[in-house]
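Asker: the following comprises the amino acid sequence and a computationally predicted model.
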Amino acid sequence: MADLVRVSKFLSLVLRHKPEQIGLSLDPNGWADVDELIRLATAAGRRLDRPLLDRIVAENDKKRFAFSDDGRRIRASQGHSVEVDLALSPVTPPELLYHGTATRFLDSIRATGLRPGSRQHVHLSADEATATTVGRRHGVPVVLVVKADEMAAAGHSFYRSANGVWLTERVPAEFLTIPGERGA
Ligand code: HQG
């Protein structure tokens, strides 16, 4: 299993952030050719073959990667820092969504709202438990409540990645409820 995690981290690197590290190219929608990926990864000293990719796509804990319908291409379903167009259609969000972050970011978030940072989108979850796990990656976790329905009414678009992560371009502070603050 540890091996699968290692390969998954490698795939996150080349399919989301640094395809150039192994000379890979992604098409405008973020797809990499599977045969090319296997060839370039192998040349870079990574053990990778189709059965291993099949296992990762099927078993990855967050379903981070998906094959194209014809099975010849693969991409990350979300989380990119390289510019790709996932061609997701806007969807109506639920009334509330959640964003997990660390307490040390709160002053900055109060000032500017949620920004995507190095990624293309701000990532939101439909449940608080997932958001807590995401926040813990950065420090002492805190879960912010996003008034998604009000944002949508104000003209903000929401998308849902193939693996169920809610995405939006930014969240202005007025749509955030920070626990422990007045009105929270
Ligand atoms: C914070 C994982 C200061 C933001 C997860 C977050 C997710 C601000 C950090 C996915 C800010 C960015 C994404 C502001 C936002 N001032 N800090 N104005 N606005 N931030 O890792 O959401 O395992 O880029 O709160 O499960 O933590 O990779 O984003 O703490 O779905 O598949 O800046 O990554 O998925 O951190 O995580 P990240 P994230 P994977």
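Answerer: Structure received. Numbering: from 1, shown residues only.
Asker: use CA for all of it now, contacts and neighbours both
Answerer: Will do.
Asker: not counting its neighbours along the chain, what's nearest the residue of the chain found nearest the ligand?
Answerer: Distances between the chain and the ligand by C-alpha to the nearest ligand atom are smallest at residue 114, namely 3.5 Å. Nearest in space to residue 114, with sequence neighbours left out and distances taken as C-alpha to C-alpha, 6 or more residues apart in numbering, is residue 171 at 4.9 Å.
Asker: list the contacts of that neighbour.
Answerer: Contact analysis of residue 171 by C-alpha atoms under 8 Å, 6 or more residues apart in numbering lists 113-115, 122, 146.
Asker: what parts of this protein come near the ligand?
Answerer: 64, 79, 101-102, 105, 108-109, 112-117, 119, 123, 134-135, 138 (C-alpha under 6 Å from any ligand atom).
Asker: same thing but at 8 Å, please
Answerer: 12, 62, 64, 78-79, 99-102, 105-119, 122-125, 130-131, 133-135, 137-138, 165 (C-alpha under 8 Å from any ligand atom).
Asker: filter the residues you listed down to the buried ones.
Answerer: 12, 64, 78-79, 99-102, 106, 109, 113-116, 119, 122-125, 131, 134-135, 165 (16 or more other C-alpha atoms under 10 Å).
Asker: what are the phi and psi angles of residue 101?
Answerer: phi -140, psi -170 (degrees, to the nearest 10).
Asker: quick check, it in contact with residue 130.
Answerer: No: checked against C-alpha atoms under 8 Å, the pair residue 101 and residue 130 is beyond contact range at 11.2 Å.
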